[in-house]
Structure formats: structure tokens, C-alpha cells
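Colleague: Need coordinates for the below:
(one chain, ligands or ions: 3)
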Amino acid sequence: MSTETPLDLKKTVNLPKTAFSQKANLAQGEPARLEKWNKLDLYRLIRRAGEGRPKFILHDGPPYANADIHLGTAMNKILKDFIVKSRTMMGYDAPYVPGYDCHGLPIETIVEKALEKKGKKKSELSVETFRRICREHAENALKNQTRDFKRLGILGEWDNPYLTMSNHYEAETARMFARFVERGWVYKGARPVYWCLKDQTALAEAEVEYHQHTSPSVYVKFPLQSDPVLIDPALAGRKVFIVIWTTTPWTLPANLGIAVHPDFEYSAFEHGDEVYIVASELVQAVAAKCGLDSGGEAPKVIARFPGAKLDRLEARHAWLDRPSLLMVGEHVTLGGEADAETELDVSEAQKKSDSKAGTGCVHTAPGHGHDDFVIGKRYGLEIYCPVDNAGRFTPEVEHFAGQRVFDANEPIVEFMRERGVLLFSEKYEHRYPHCWRCKNPVIFRATPQWFIAMDHAHHDLVEKDEDGRDRSNFTDNLPETPAASLRAAALSEIERVNWIPAWGVDRMRNMLKARPDWCVSRQRVWGVSIPVFYCARCNEAVADPSVINHVADIFEKESGDAWYTHSAQELLPPDYTCKGCGAQEWTKESDILDVWFDSGTSSIAVLENRPELRWPADVYLEGGDQFRGWFNSSLMIGIAAHDRAPYKTVVTHGWTLDAQGRAMHKSAGNAVEPDKVIKQSGAEIIRLWCASSNYFDDMRGSDEILQRVTDGYRKLRNTARFALGNLDGFDPARDSVPYEEMEEIDRWALAELSRVTKEVWAAYEAYEFHNVHRALFNFATVTLSARYFDIIKDRLYTFAPRNKARRSAQTALLQIADPLARMIAPILVFTADEIWENLPDRTEPSIHVALFPTAVEESHEALLSEWEQLFSVRDLVLKALEEARTAKQIGSSLQAKVTLHASGRTLELLQRHQSDLRYLFIVSQVELRQSEGEGVSIAISGADGEKCERCWNYSARVGESERYPTVCERCVAALSEIEEGTTDGHG
Ligand SMILES: [Zn+2]
Ligand SMILES: [Zn+2]
Ligand SMILES: [Zn+2]
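Modeller: Ligands and ions are numbered 1, 2, ... in the order given. Now for the predicted structure:
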């Protein structure tokens, strides 16, 4: 064989070769891969592969189908995809059915605006036509969202998502309402609810947000009507006033009472010939503010008494000819207005801002506040609300009839000033509830609404008082039946749920403890009608579960439009007769259900109704706003249906903010738009961003942050590319080296892989994707790229292709690249699949059908710790080499010879690995010497001999071969192996 011509040296070096390019070209490559998945029908392929495995159900919280996706929506769906894909690869059958929330006010608003642009009005259209346009709008929006979600690499049943506006879903929503009725939890009553004057509808707790707002703050005196001697003999014959404080002067015309705390001490103090009553603790402050302190002197207190003394005495309204009842209530505070932050729950904040504690005497308007309502009910006050849907005073309001409430604030203040009942007024900045849609301040307003009771079963749907008017039977004298209390069941269920992060349970508990009854009626049309009928003769309300289910069956066939296209008689079972008066003529309820009732029904309508799913879900994952929203409404419905929470685990993610921690707004120019990022860098970059920081906190995004993510991506890609390039021509069946015969450093790399595999499994199980990312990124860039790959390069490039030591490195590379790709696959869905395609011999058509690797159970601690010591010596050597390079003593490290002085165990360790050391340090020669002292000392000198033309190592033996006079002895051996190899056909 040596008679043939010598080989061309350059061609004998095994340079990496792979179709996996260095440049990712994600923006072009991703759509092509999506097309491939589409052709494969990848989602069904995964379903078939997972048949018979244990189920894992992530239930999708439906995004609202009214606009294009933004970074927050993208993050939400990507995190869900991380969960579904990781559980699939852990060996579960994890189907993903995405959903869309289709009904509700936001779509109505958009449609109304679009009509206005065309010069049309909603009132000119039939309800059916208007609903059809809303439906078309939702259909379009969800089509666009589906396209965008698919583009992000999210796999799911996109051809069959659940829609809250589908016939079946609407029918299930109506049936769920019947279930609440059956349990006695539904009643109709007048209770104050958040009311948007602009949108003219009630709002749910989750539909208000708090913003800074300036209100007039007023101190007003109410004359005591009862004999003051009843309070204290010292007050005999005096003109006594109760001082109240409020930031909503417009609610004063509806004042029916004043609340004081029974246990606080109150004082009556003199100013001129008048006497004023406020809480003792606040005498100084109130007197100073209202100028009742006689030129700075402390006001003269003439009586002190507990608030209980005032109970059921009467004051007169500040200007109207009617009484204002003095009442005692524990809700009264002295702390002034609390900061009405949305943090924990709205009703708690609202309560505080309603308990205007400026004087310890709380103005009470039962039609305009939650606490006011509760105490008003207890004292038998009317739930008086002289304000219409548009927020105008009704004609019965003297002096201010027809005025809009917010506009009436100033006139009322002026009016009180003229009347001499205003003690003080100023501007007051506070957090105030606003409509989430139109951003206008909302009011609290009592209107007839349908409620779901949190604390009592309601045996009569609508209770009538003596005058025959509807009244809520929210009273304290109904027996509390714990089993039937929604609140009690909810509070106990949340303790069984696994909340991630753990503070979720506190947040939920606080919200549930404070929340008022659930107002489920909305004065709108785009939604599921409340399937209740009224007798046209006696006005009896019929909410009969069997009737509702009858209507639901019609919805199932014809959609909820049937409520509008059919008469009451057509919707009712034949010959349905009023139990009250025997009549057969009926009218229909015109309100629709709260959209949170719709979406809350999803666990029943979707999980129970689709054969591939099951109830309850293993996990829900949504943003922190859903404690009041979907987590809450889903819990209510789970309890009504099965006395159980519909989820086992609830994961909460933070908000997406800009680099400075501000909310993203298109108008502010700080929004990262997914669409743009996808076009410029690829969806993969957004996915990697989602995994790169801790989503339990707020997530920051900006061009600069995404650039850093892109740099990180490039590093991961290069790691993969090195492995793939060096697997060129490797046939695992033919070329793999058995574990026991592998080089020790290769076994070390596998031991490190095993360690990281355990870490990654645990992080995926705990939904800690940032820890998955950290573990994999460190492994790829530090353990592999900066250590292992550097060391094995020489072996891979210069050894004969079939040399066993080279095959050992390749065996390790394949055994690392394959599981590494699997472990990163839930995050880098496109790139992992691309790696998969370029690995030799993969059987599955896509990585997403494959499973995670399992960590090798045997312990490699001895191996790992031995190499840890070698690597710390390596760190010292690399540092010394760097210094030598700076001092121009050497050029490349291969020009160096390293002499190590060591003793004892270190020397033994180094001796044991003598042949590895030159590769470990990437130098041409290493000499070991026994030293006297402790520790390792390092000397760098020029390498002996000549530079080998082929491998660039230095050797004294270059020139020994006549056939290859320019190469070293290692290369001579390699070349002869290659020459032999070429004859037996292995190339
Ligand atoms: Zn509004
Ligand atoms: Zn009747
Ligand atoms: Zn060589």
C-alpha cells in the first residue's frame, strides 16, 4: 500500500460537516418547518404516540377574541406550550385544546364604533343582526389569533378549538346557570354593583381597575333631631350636629343614615352656640380643618360617650326634609381613606374607601355602597338609588334632577356652602375604580340584578316586600347551611389546590373572603341570555331548572340567537302555566350573563365534553389578574357542578413590562411586538425569552433584551452545530464504542449530562422553565463548548476517522446531542427539530414525538469529583498560558510545553491522567515533576521539536517518517490507519 502516492494532508483532517447551518435563518426556516409539521399532521401523530399513557390536562384559559396578540398573550400561550410539550415528553398523553372567549362588552363596543363610522346606530339594527356582526368580528379575530399562535410553534387542536359562542358551549352555559338555580344560589335583587355610566352596564369585580382620581372631599353637618339628652345630660337644649365626611358629594341626596362604630369613643365639642359630634380621636383634626377650633385653641369637649349611645337616634338630612338614621357598624374606621389598591381584591379596597373615616361618622347611602347596603339592610333602610342608567339624577331629586352625578359634585358643594351646612371642602387625590374598557370612573349603583349568593341558599328566587317591590333576600336571618354556602366550599377547596407561586392561596383566600355576591347579569346583548321568564300578568319570575334545560336544548340546535328569534311561548315547554296566577303569557328576561360566567363554564363545557380530556384539569396557568377573573369564576362553577375545584394546580405568571419596568403600550413606543420580532429574528427568540427569565415575576422585554437572547441562542446553536458536524459519517450501529471502553473524559461528559438531566426534569416538573434554561444553557456553553469540545477537538479532527478514541468521542457526542435536543425541545421547538433531523439514525419523524431522556441512576460522583480537580488544575494552567501569551513568550497554546510541579495526591492524580493532560490543556507537551511543597506550580516554556504540518502540535519526532516528513508521530500513525482504512472500503 505504501507504494501508492502519499495522501494530501489537508484532506486527511476530519473537518466538521453538517447541513445544520451556522446562521439560523429562523424567519425563513420556521414557516418551512411549520409546513412540514402540517404535512406530518404532527399534533395527531403525537396523540397516536401517546395513546394509553396517563393523561395530563392543561386547560386553556380562553383569550378574548377581539384583537391581535401582543407580547403578553404570546408569553401566556408559549408558557402553556412549554408545559404541554414537557409533560408529553415526560411520558404523558397531554392533549391541548385551545379556547377563545367570544362574548362580551369589548366586542359590542368595537362593533358599535364600526357602525358609527358607517353612520349607523345599534338601535337601528335588530338584536339578531347586531349579534351576527359581533359573531363575525369574534370569528375574524380568533382566526388571526390562531394564525399567530400557530406561528409561535404552539401545537394544539387548532382546527377544533373551543369557542364560548358555539352552540354547544352556549347551551352548556345555560345548563350551568340551571345548576346554580337548582342549588338555590341564584336570586334577583337590588344591590349596589359597579356601574359604568358610559357603557351603561353592571361590571364584575374583575372588570374594574384602579387609577388616580381627584374628587371633592367635603365635611358636612347633619343636625341631630332626637333629644340630645338621650346621649348625655350635658347636651340638654343644645343645637347638636353630626359631622360626616365624603369624597362623593353626589351620593348625599341618597343619604339615609350615618354609621358610627359602637365601641369607639365619640366627643361632643362646642363652637359658638353649636355642638359637633365626631370620634374623640379626630376632634383636633376635624376642628382644625373645619375652622371650629376658635383660633387655634383646643376645642372645648363637653361630653364623651361610646358610639353605641347614638344607635337608632335620628338626624335630619343636611338639606332634605327627611331623617338620616344613626346606626352602629363594625365597618367604621378612624384611619381615613385607605389606599384602594387593586392588589388583593377590589371589594376590600372599596369597603375601605367607602368607610370614609374622616370623622368617624360615616355617611351612608344604601344604594351606592357595599357596606352601606349591608348596614342599610340590617336597619331596614330602603336601597335607595335615585340615579338612572346614564348616571343622571332621577326627577325626584330636588334641585339636581337630570344632572349627571359627576357633574353635580360641584353644584352640590356650592349648594351646601350657601345653605351653611358645608364645614370644609378641598380637592382629594385617591385611587378610584374605573371601567376596564372605556377607562371612565365607575359608580356604585343599586339596580335589579341577578346574583349568585356566596353565603346562603335562596329558596325563593325573588322575595317581595310588603309593597310588592322586588327586594333581595340578602338578610342575616336566613339559616346558614355550610354545605350549601358557595363561599365556604370555595374557601375549603382552595386549600387542596397546589398554588404556584405559593402566595396564590393567600391571594385567593383574601379575595374570596371579601367578595360580595356575584352579580351575573349584564344589560347587554352579545352573550348568553339569562334564561328566565316573567309572567305577563303577575310578573312572577320563572327560573325553573327544567325550563332552563329545555331552553338550553334549543340553544344547542340553534345557538343562543334563539332567545331573540323566538317568542317566550316558543321557548317554553308547551302549555307552560304560571304557578302564581295560572296565566300562559310570558315575557323574556333581557339581560345576558356575565362573560366570566361563560368562561368559568369551560371546565364543564370542554373538559367533560371532549373524550380526550377529563375533569378536573391538572393545571391552569394564567396571569395574576385571573385571581379575581377566571380562576375565581372557574372555581365557582366547579363547586356548583361537582363541589370541587376544577384544577389541581394553578400557576400564575407576571406581566410583560419594558426594560424600565413600565407597562408596554403601542402609543408609548415601548411595546415589543411579537409580529416584528418574528419577522426579524424568528418566533424561537420569543420562546427563548420566555424561558430565560423567571415568569413568576414580571417579565421585561425590549429590543436590547431580545438582542441578548439572540446572542444566547447563537451560542446554543453553535454547541449543537459542533456536535452535529463531528458526527458526520458516524453510524451508531456500526461505530459506537461501549461505555466501559470509552475514554475517561468522554465518560465524564456523559456523567455531567446525567447530572443536568436530573436537574432539567425537576425544573420541568416544577414549571420552573427559567431553571431548565439556566441548566441547559450552562451545560451547553460552559461544560460542553468551553471545556469538553475544546479538549476533544484534536482527537476528532486529527485521529483516523475510525480510530477507537475518535469513535469514543463521537459516541459521547451523539449520546449528548440527542438528549440535549430532547430536553430543549419544549422551548426551542423549531431548532430542536432541526437538530433532530441532522442527527444520525433517528426513528421518530419529529423530535416532538420523542420522549425526554431518563437520567442514568448510577452515581458518577467519584468520576465527577476527580475531573473537577483536574479542571481546577486546568484553570490554573490556562491562566499561566494566557500570561505567557501576553508576554509574547508563546503564540498559540500548542507552541507551549507545560511543566507541572506537584506532590502527594495531586501528583498521583495528574500521573494517572498523564496522557490526557496535553489535550486537557491544549498544549503540545506536559511534563510532571515531584515538588517539595504543597499545591501545584506551573512553568510554561516553548514546546520541544517542530510544528507538525497536519495537527499543528509540536514534536521532537517530526521528520521521522520518510513518507510523511512534515508530520508528527501521532499523525504518522493516523495516516497509516487511514491508508489501511481506504483499502477496506470504509473511507
Ligand atoms: Zn365603561
Ligand atoms: Zn302569573
Ligand atoms: Zn501531527
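
Colleague: Of all residues in the stretch 851-987 of the chain, which one is closest to ligand 2?
Modeller: residue 851 (64.7 Å; Cβ to the ion). Yep, even glycine has a C-beta here, placed from its N, CA and C like the rest.

Colleague: wait, the stretch 151-300 of the chain
Modeller: Residue nearest to ligand 2 within the stretch 151-300 of the chain (Cβ to the ion): residue 188, separated by 15.9 Å.

Colleague: hang on, the earlier thing: once you drop chain neighbours, what's closest to the residue of the stretch 851-987 of the chain closest to ligand 2?
Modeller: residue 89 (5.3 Å; Cβ to Cβ, 6 or more residues apart in numbering).

Colleague: ok, that neighbour - contacts?
Modeller: Applying Cβ atoms under 8 Å, 6 or more residues apart in numbering to residue 89 gives the contacts 822, 825, 826, 848, 850, 851, 852.

Colleague: Ligand 1 versus the second one, what's the distance?
Modeller: The gap separating residue 825 from ligand 1 is 44 Å, by Cβ to the ion, to the nearest Å.

Colleague: close enough to count as contact, that residue and residue 85?
Modeller: Yes. Using Cβ atoms under 8 Å, residue 825 is in contact with residue 85, at 6.7 Å.

Colleague: quick one on the thing from earlier: surely the residue of the stretch 151-300 of the chain closest to ligand 2 touches residue 448?
Modeller: Yes. Using Cβ under 8 Å, residue 188 is in contact with residue 448, at 6.3 Å.

Colleague: Those two: which is more packed in?
Modeller: Counted by other Cβ atoms under 10 Å, residue 188 and residue 448 do not tie: residue 188 has more neighbours, with 24 against 15.

Colleague: Backbone dihedrals for that one, please?
Modeller: Backbone geometry at residue 188, expressed as degrees, to the nearest 10, gives phi -110, psi 130.

Colleague: How about it: which residues does it bridge to?
Modeller: residue 450 (DSSP bridges).

Colleague: what's the pLDDT at it?
Modeller: In this model, residue 188 is scored at 90, pLDDT.

Colleague: Next: residue 676.
Modeller: 93.

Colleague: next one: the one 5 residues further on
Modeller: What the model reports for residue 681 is a pLDDT of 94.

Colleague: remind me which residues of the stretch 351-500 of the chain are low pLDDT?
Modeller: Applying pLDDT under 70 to the stretch 351-500 of the chain flags the ranges 351-357, 457-484.

Colleague: how about the strands of it, start to end?
Modeller: For the stretch 351-500 of the chain, the strands defined by DSSP state E, counting those that start in this stretch cover 361-364, 422-435, 443-452, 463-464, 470-471, 498-500.

Colleague: any idea how far residue 520 is from residue 690?
Modeller: In this view, residue 690 and residue 520 are 35 Å apart by Cβ to Cβ, to the nearest Å.

Colleague: more neighbours, the two?
Modeller: residue 690 (28 against 24).

Colleague: The more buried one touches residue 79, doesn't it?
Modeller: Yes. Using Cβ under 8 Å, residue 690 is in contact with residue 79, at 6.1 Å.

Colleague: Give me the common contacts of these two.
Modeller: residue 769.

Colleague: before we move on, back to that, from the contacts of residue 89, which ones fall inside helices?
Modeller: Members of those lying in helices (criterion: DSSP state H): residue 822.

Colleague: Report the buried members of the contacts of residue 89.
Modeller: Among these, those buried by neighbour count (16 or more other Cβ atoms under 10 Å) are 822, 825, 826, 848, 850, 852.

Colleague: Do stretch 96-104 and ligand 1 come into contact?
Modeller: No. Residues of stretch 96-104 are not located near ligand 1 by Cβ under 5 Å from the ion, the shortest gap being 12.2 Å.

Colleague: Could you find the closest non-adjacent residue to the residue nearest to the spatial centre of the chain?
Modeller: Most central in the chain under Cα atoms, centre = their mean is residue 623, positioned 1.9 Å from the mean C-alpha point. Nearest residue to residue 623 in three dimensions, chain neighbours excluded: residue 653, at 5.6 Å (Cβ to Cβ, 6+ apart).

Colleague: Run a quick check on that neighbour versus residue 78, I expect a contact.
Modeller: No. The pair residue 653 / residue 78 is not scored as a contact, 10.2 Å apart, by Cβ under 8 Å.

Colleague: before we move on, the earlier item: give me the number of residues near the residue nearest to residue 623?
Modeller: 25.

Colleague: Spit out the contact partners of it.
Modeller: Per Cβ under 8 Å, 6+ apart, neighbours of residue 653: 75, 76, 79, 621, 622, 623, 624, 695, 696, 699.

Colleague: OK, contacts around the second one?
Modeller: For residue 76, the contacting residues are 61, 63, 621, 622, 623, 653, taking Cβ under 8 Å, 6+ apart as the criterion.

Colleague: And the fifth one, how close does it get to residue 233?
Modeller: The reference is to residue 623. Where residue 233 is concerned, residue 623 sits at a distance of 61 Å (Cβ to Cβ).

Colleague: got it, and the third one?
Modeller: With distances taken as Cβ to Cβ, residue 621 is found 66 Å from residue 233.

Colleague: Over to the fourth one?
Modeller: Going from residue 622 to residue 233 by Cβ to Cβ gives 62 Å.

Colleague: Residue 276 and ligand 1, how far apart?
Modeller: 40 Å.

Colleague: Surely that residue is in a strand?
Modeller: Yes. Counting by DSSP: H, G, I helix; E, B strand; the rest coil, residue 276 is part of a strand.

Colleague: can you start the count at 9 instead of 1 from here on
Modeller: Noted, 9 is the first residue going forward, which turns the last one into residue 284.

Colleague: Count the residues that sit near it.
Modeller: 25.

Colleague: Then residue 464?
Modeller: Residue 464: 22 surrounding residues under other Cβ under 10 Å.

Colleague: Could you count how many residues lie near residue 588?
Modeller: The burial count assigned to residue 588 is 13, neighbours taken as other Cβ under 10 Å.

Colleague: List the residues that contact it.
Modeller: Per Cβ under 8 Å, 6+ apart, neighbours of residue 588: 543, 546, 548.
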